[in-house]
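Engineer: I'll drop the sequence and a predicted model, then ask my questions.
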Amino acid sequence: MECPLCGASVMHTGWVTPLTGLPSNFAILVVKRDIIQAAYWADLMTSGALEDYLKTAQGQAFANYWSNAEVRRADEYIKNNPLQGP
């Protein structure tokens, strides 16, 4: 798992302390958030673009997840592919 504040890899240790570093042969699964899903969320929940949301105090924690170009492409994609209601 990646720490949302510093970007470092972290691991749940089962509440064991002290925390220890990961072994050098430990495989780390990296998860990338789906930018299209985030852009749809921003459009539905904030009535705005993901690019604008990432500039807010709440959105700044997620601002480094994607490049500016990726964000613009995702916002453009959802403008051209709106979610359909029931």
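Structural biologist: Done, it's in. Numbers count the residues shown, from 1 in each chain.
Engineer: Is Asp75 located within a strand, as I assumed?
Structural biologist: No: counting by DSSP: H, G, I helix; E, B strand; the rest coil, Asp75 is not found in a strand; it is helix.
Engineer: list the contacts for it?
Structural biologist: Shown in contact with Asp75 (C-beta atoms under 8 Å, 6 or more residues apart in numbering): 39, 49-51. C-beta coordinates here come from the backbone N, C-alpha and C atoms, glycine included.
Engineer: Give me the neighbour count for the spatially closest residue to it that is not a sequence neighbour.
Structural biologist: In space, and not counting its chain neighbours, Asp75 is closest to Ala49: 4.4 Å by C-beta to C-beta, 6 or more residues apart in numbering. Per other C-beta atoms under 10 Å, the neighbour tally for Ala49 reads 19.
Engineer: I'd like the distance between Ile35 and Phe26.
Structural biologist: 28 Å (C-beta to C-beta, to the nearest Å).
Engineer: More neighbours: these two, which one.
Structural biologist: Neighbours were counted for Ile35 and for Phe26 using other C-beta under 10 Å; Ile35 has more, 18 against 9.
Engineer: For Pro23, see how far away that one is.
Structural biologist: 32 Å.
Engineer: follow-up on the earlier one: shouldn't the residue nearest to Asp75 be in contact with Trp41?
Structural biologist: No: between Ala49 and Trp41 there is no contact under C-beta atoms under 8 Å: 11.4 Å.
Engineer: Following the chain onward from the lowest-mean-pLDDT helix or strand in the chain, which element is next?
Structural biologist: Lowest on mean pLDDT, DSSP states H and E among the helices and strands of the chain sits helix 35-46, with a mean of 92. Counting by DSSP states H and E, the next helix or strand C-terminal to helix 35-46 is helix 50-53.
Engineer: give the contact list for Tyr40.
Structural biologist: Neighbour list for Tyr40: 78, 83 [criterion: C-beta under 8 Å, 6+ apart].
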